[in-house]
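Student: pasting the sequence and the predicted model now:
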Amino acid sequence: KDHGEGGNIIGANPVGNVMIIDDVLSAGTAARESIKILEDLNAIPKIFLVGLDRQEKGTGDLSAKEELEKDFGIHVSSIVNLEALIEYSHKSKDFHSYTFELKQYRNSWGA
């Protein structure tokens with residue numbers, strides 16, 4: 001990809017079952033690219049761990065998370081997701097002002 005650390009694989013080429021770690025899951029494009037790279041190396045992606053799941057639509061009616069799990073049989077887990085951010089901002093006096101924008105984002109891009 002054109003951003004981030006810039007390479008395909010950090011460290012040695014993976015062997016066997018592997019976990020993919022990424023900062024953000026949006027529409028799933030980068031995740032699909034990562035899975036393809038790993039499969040081309042004969043590695044088996046089993047888990048996709050992401051910091052933030054934006055809960056965006058994938059290429060169809062499902063969320064990107066649901067599509068990845070369905071299409072690749074990979075378990076997708078996030079530290080936090082958009083719905084949790086909305087809930088937190090709504091309850092927080094310091095971040096309450098972001099609630100409207102977060103909901104607008106969900107309405108535009110969410111699954």
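Tutor: Thanks, I have it.
Student: OK, contacts around the most centrally placed residue in the chain?
Tutor: Note on the chain: the residue nearest the mean C-alpha position is residue 25, at 2.0 Å, using C-alpha atoms, centre = their mean. By C-beta atoms under 8 Å, 6 or more residues apart in numbering, the residues touching residue 25 are 31, 48, 50, 52-54, 56, 64-65, 76, 78. Glycine gets a C-beta too; all of them are placed from N, C-alpha and C.
Student: between these, which sits nearest residue 101?
Tutor: Ranked by distance to residue 101 (C-beta to C-beta), the contacts of residue 25 are led by residue 54 at 13.3 Å.
Student: how many residues are close by the closest one?
Tutor: 22 (other C-beta atoms under 10 Å).
Student: didn't it look like it was pressed against residue 22?
Tutor: No: Residue 54 sits out of contact with residue 22 when judged by C-beta atoms under 8 Å, with a separation of 11.8 Å.
Student: pLDDT weak spots in this structure?
Tutor: Within the chain, the ranges that satisfy pLDDT under 70 run 1-8.
Student: quick one: the helices in it?
Tutor: Using DSSP state H, the helices of the chain run over residues 29-40, 64-72, 82-91, 99-109.
Student: and the contacts of the shortest one?
Tutor: This points to helix 64-72. 25-28, 31-32, 35, 45, 48, 53-60, 62, 74-76, 78, 111.
Student: now, of the residues you listed, which are buried?
Tutor: Neighbour counting with 16 or more other C-beta atoms under 10 Å marks 25-28, 31-32, 35, 45, 48, 53-58, 62, 74, 76, 78, 111 as buried within the contacts of helix 64-72.
Student: roughly how far does residue 111 sit from residue 31?
Tutor: Per C-beta to C-beta, to the nearest Å, residue 111 is found 15 Å from residue 31.
Student: right, I mislabeled it, should have said residue 61
Tutor: Residue 61 is 18 Å from residue 31, by C-beta to C-beta.
Student: check residue 80 too.
Tutor: 17 Å.
Student: and for residue 102?
Tutor: When residue 102 is compared with residue 31 (using C-beta to C-beta), they lie 22 Å apart.
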